[in-house]
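Undergrad: return atomic coordinates for the entry below.
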Amino acid sequence: MARTARGRWTHAHEGDLTVFLIGMRINRFTRPDAWLPTMAAMGPMLQELARDPDSGLLGFRTALAWRGPVLVQYWRSPEDLYRYAADRDAAHRPAWTAFNQRARRVPGAVGVWHETYQVARAETVYVDMPPTGLAAATTARPVGGRLDRAADRLAS
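TA: Residues are numbered from 1 along each chain as shown. Okay, the predicted model is just below:
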């Protein structure tokens with residue numbers, strides 16, 4: 001278990017930042033043959049990316065919603081993200097092909113979605129938390145002085 005960082009913290013990051021949200025929605029719980037492989041496909045991709053420091057993935061966190069997982073991924077740039085998605089030798093392409101084949105075989109059983117954001121500035125605060133989210137993906141630093149207020153953190 002990650003150690004709690006007492007007090008107030010924020011993240012420190014210079015340069016470009018891309019936030020990629022991706023998730024799936026189980027539409028038919030009675031068809032695990034359609035949604036379980038989709039759910040299982042993300043783990044190998046994340047492992048592959050974590051092994052490659054040049055991939056551009058800075059970090060991620062996973063949440064489980066009622067109908068399926070949601071991942072928040074922090075990337076160095078959208079180009080890095082798209083390069084991985086298009087790489088024929090990476091785990092994403094075969095997983096995407098397999099999803100499309102299952103979707104044709106069992107239409108509507110599972111849905112997938114993603115959103116990509118290029119972030120010009122970001123403000124974060126974490127209180128009595130282990131390094132989480134953007135602070136875990138980049139660098140955590142204590143809040144104090146000129147970083148005491150949210151508006152000041154966003155402006156810096």
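Undergrad: residue ranges of the strands in this structure, please?
TA: 5-12, 18-26, 57-65, 68-75, 110-118, 126-129, 139-142 (DSSP state E).
Undergrad: quick one: closest of those to residue 34.
TA: strand 110-118 (5.1 Å; CB to CB). C-betas here are computed from N, CA, C, even on glycine.
Undergrad: wait, doesn't residue 25 sit right on residue 66?
TA: No: if you go by CB atoms under 8 Å, residue 25 and residue 66 don't touch, sitting 9.4 Å apart.
Undergrad: who has more neighbours, those two?
TA: residue 25 (16 against 6; other CB atoms under 10 Å).
Undergrad: contacts only, for the closest residue to the more buried one other than its chain neighbours.
TA: Nearest residue to residue 25 in three dimensions, chain neighbours excluded: residue 111, at 4.3 Å (CB to CB, 6 or more residues apart in numbering). The contact partners of residue 111, taken as CB atoms under 8 Å, 6 or more residues apart in numbering, are 24, 25, 27.
Undergrad: what comes up buried for the longest helix seen in the chain?
TA: In the chain, with assignment by DSSP state H, the single longest helix is helix 32-51. Residues 34, 35, 38, 41, 42, 45, 48, 49 are the ones in helix 32-51 that count as buried (16 or more other CB atoms under 10 Å).
Undergrad: likewise stretch 132-151?
TA: 132, 133, 134, 135, 136, 137, 138, 140, 143, 147.
Undergrad: can you count the residues close to residue 73?
TA: 21.
Undergrad: neighbours around the residue lying closest to residue 113 once chain neighbours are set aside, how many?
TA: Nearest residue to residue 113, sequence neighbours excluded (CB to CB, 6+ apart): residue 23, at 5.7 Å. By the criterion of other CB under 10 Å, residue 23 has 20 neighbours.
Undergrad: so what pLDDT did residue 23 get?
TA: At residue 23, the model reports a pLDDT of 96.
Undergrad: residue 139 - nearest residue in space that isn't next to it in sequence?
TA: residue 12 (4.3 Å).
Undergrad: wait, what's in contact with that neighbour?
TA: 138, 139, 140, 141.
Undergrad: go on, residue 129?
TA: Residue 129 neighbours (CB under 8 Å, 6+ apart): 4, 5, 9.
Undergrad: report the beta-bridge partners for it.
TA: For residue 129, the beta-bridge partners under DSSP bridges are residue 5.
Undergrad: roughly how far does residue 102 sit from residue 19?
TA: Plainly put, residue 102 is 28 Å away from residue 19 if you go by CB to CB, to the nearest Å.
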